[in-house]
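[1] Predicted model and sequence below, questions to follow.
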Amino acid sequence: MTGSQNTSKSLINPVSTSSQQELQFGFELSNALQKIETFYVGKMPLRKYLEIPTSLPAFLSLNDTVLNAISKQKNSSLRLLFEIARDGMEGAVNSRTLYVENAELDIRVLMLNKKVEDILSGKNETKAIGCTSGKLTITKTFKLSPIYSYYIYLYGMPAYGVGFEASKLSLLASIMQKYGVNPYK
């Protein structure tokens, strides 16, 4: 009211955009966030847990970069987003661990069930006197190697033409060898 101001505003965008600038992060932080999304968090919705890296030095490097950004960030909203990224990375590593441990426990249950079945079926029993009859029956038994039997039990039969996933077979083989079972016999 005391004077006239000669500041005109645009009719198209009357609000100043000086505070709406694009966020600029340093290369190290941008790179770390991209790696967290690509290699850790992005694998979880796709259920590709075995593709989540297990390298502790790589994890610690990314973790340190994000923690450094969190400690320097004054904006509480950005600090929250960085904390979510860090927690997501840690959650991805934990998801991978739980996935592997679950497969291991499933195999152990199958092994124990097989032992119980062997005991109940009388494999340890021997007949002292046998008798024969005039009838002859021939049967053909088809037996998969243990690794494929466990695979089908845990993950189901692969789709026609797709085949068994190599990463899952590798996981099962390592678990079976850990418990002294030859996966191929």
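    Nice, thanks for sending it over.

[2] Tell me where the model's unsure across this protein.
    Applying pLDDT under 70 to the chain flags the ranges 1-23, 119-120, 122-142.

[3] So residue 164: helix, strand or coil?
    With DSSP: H, G, I helix; E, B strand; the rest coil as the basis, residue 164 sits in coil.

[4] shouldn't it be in contact with residue 150?
    No: counting by CB atoms under 8 Å, residue 164 sits too far from residue 150 to count as a contact (10.9 Å). Using the backbone N, CA and C atoms, a C-beta is placed for each residue, glycine as well.

[5] Would you map out the domains in the protein?
    26-108, 141-185 (automatic domain parsing).

[6] Can you check the distance spanned by the first one, start to finish?
    Same thing as domain 26-108. 48 Å (CA to CA, to the nearest Å).

[7] what distance separates it from the centre of its chain?
    Its chain's average C-alpha position is 12 Å from that of domain 26-108, according to CA atoms, centre = their mean, to the nearest Å.

[8] same deal with the shortest one?
    With CA atoms, centre = their mean as the basis, the distance from the averaged C-alpha position of domain 141-185 to the chain average is 18 Å.

[9] thinking again about what came up before, pick the most buried one from the domains of the chain.
    Comparing the domains of the chain by mean neighbour count (mean count of other CB atoms under 10 Å), domain 26-108 comes out on top with a mean of 15.

[10] Next up, the contacts around the most centrally placed residue in the chain.
    Geometric centre of the chain, nearest residue: residue 49, 1.4 Å, by CA atoms, centre = their mean. Neighbour list for residue 49: 43, 95-96, 99-100 [criterion: CB atoms under 8 Å, 6 or more residues apart in numbering].

[11] how about the domains of the chain, which one is nearest residue 121?
    Shortest distance between residue 121 and these, using CB to CB, is found for domain 141-185: 14.0 Å.

[12] quick one: the strands in the chain?
    Counting by DSSP state E, the chain has no strands at all.
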